[in-house]
Structure formats: C-alpha cells, structure tokens
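**Student:** missing the sequence, but the structure's below:
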Ligand code: GTP
Ligand code: MG
C-alpha cells in the first residue's frame, strides 16, 4: 500500500452516523492501550491523526479515517478497561457489536494484542467472536520493540496456544511496533489483499 492521502472523516456511535459513500472498511479491535490508534498513525505516516494517550480509554467512538479516497480504517474503542463504568462498558460493547455484525462494507478485522504477554480472556473472547462472524482476521502482536528479537517465537507460541492460529486459514499473524515501524509494509499488504477480495 502506498499512502497518498489520509483524513479523519467522522465519529459514530449509531449506524445512522456511519459513512454513506459505500467505501470498503477495515476495522481495528483490541484492549484499551494496546496501540490501535498508534498503529493507524504509523501505517498512515501521520504523527497525530488518530489521538493516542498513555492512559487507557482514549478512543470512545467509532472513528473513520479515509485512506487514498479509497477505503476507511475504523478505530474502535478498546475493551477490557476496568475504570469505565459498567453502563459505559455495556454501551461500548453494544456499539462494537452493532458495527461488526451489520456492516456489509467491513472486509477485515485487525485484532491487536500486547505482544509482551499471552492473550487475556478478553482477547480470546474478541478473537472467538470475530471467528463466529467469519471475518478475515489479522492478529497483530503490538509493542514488539519491548520484546527481544530472540523471543519473537515465544510470542507466536503463546498466541498460537491461546488462539489456535495455525489451524485457521482465515487468520494471519504479524509482529508489529509503532516505535520501530516493524512490518508496516506487511500490514499494508494484508489490507490491500482484503480490499481486493
Ligand atoms: P484506546 O484508545 O484507549 O483503546 O488505546 P489504543 O489502543 O488506541 O492505544 P494508543 O495507540 O493510544 O497507545 C497507548 C499507549 O501505548 C501510548 O502511550 C503509546 O505511545 C503506546 N504505544 C503504542 N504503540 C506502541 C509500540 O509499538 N511500542 C511501544 N513501546 N509503545 C506503544
Ligand atoms: Mg485509541
């Protein structure tokens, strides 16, 4: 993927607020603070297009970013953040569920999981849910700049054990770092491939 232009287009909570120009979409999901908004900035080579924060719970709506006038990257609020109220958690869950279950333009889901640890129960639940929806999935291990190169295999093994990656042919896996810009081209290629299917 060659990124020629990128712009924030719209925030949405309800279906009536989603974009209406009929472009394909690729969405991101993952725990709060895992690095979703940072990945968008890294891929689009923009410093602060998607707002990031060191405290979790920064992204609170579905945020649509138009890329090359051709498709949308959709930043989704993180799950598993204990400090938001139960009611707010339920509303987030409903917003994400409504989007993932009804959006015909959605061509793939990128699930980000912290590469320093084994997937949590929340991560496994998100992954199983995406599988149930039969979406093409890219599992991205994030913050791999914090993991020694010779431990990358251990990250894959832990992810494979928790998610059964090697047995699934609609699922790909990538180690990623927004700090080191690791595997940015591979990420762009995965998105290109989903848009061409
Ligand atoms: P929510 O919007 O709260 O769901 O979080 P998010 O998943 O969008 O995370 P965000 O991109 O805001 O990043 C959270 C924190 O992790 C920030 O302090 C980032 O600087 C840091 N971070 C993101 N990506 C990386 C990475 O690849 N390596 C390291 N070391 N830190 C990262
Ligand atoms: Mg965010």
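**Tutor:** Happy to help now that I have it. Everything quoted here is computed from the prediction, not taken from an experiment. Ligands and ions are numbered 1, 2, ... in the order given.
**Student:** The lengthiest strand in the chain and ligand 1, are they touching?
**Tutor:** Counting residues, the longest strand in the chain under DSSP state E turns out to be strand 106-114. No: Strand 106-114 does not reach ligand 1 (Cβ under 6 Å from any ligand atom); its nearest approach is 6.6 Å. The C-beta positions use only the backbone N, C-alpha and C, and glycine is treated the same way.
**Student:** got it, and stretch 176-186?
**Tutor:** Yes: using Cβ under 6 Å from any ligand atom, stretch 176-186 reaches ligand 1 at 177-179.
**Student:** Quick one: buried ones out of those residues?
**Tutor:** 177-178 (16 or more other Cβ atoms under 10 Å).
**Student:** any idea of the pLDDT on whichever residue of the chain sits closest to ligand 1?
**Tutor:** Per Cβ to the nearest ligand atom, the residue of the chain with the smallest distance to ligand 1 is residue 78, at 2.6 Å. In this model, residue 78 is scored at 86, pLDDT.
**Student:** same thing with residue 95?
**Tutor:** 89.
**Student:** Buried residues of the longest helix along the chain, list them for me.
**Tutor:** Criterion DSSP state H: the longest helix present in the chain is helix 86-102. Under the neighbour-count criterion of 16+ other Cβ under 10 Å, helix 86-102 has 89, 92, 95-96, 98-100 buried.
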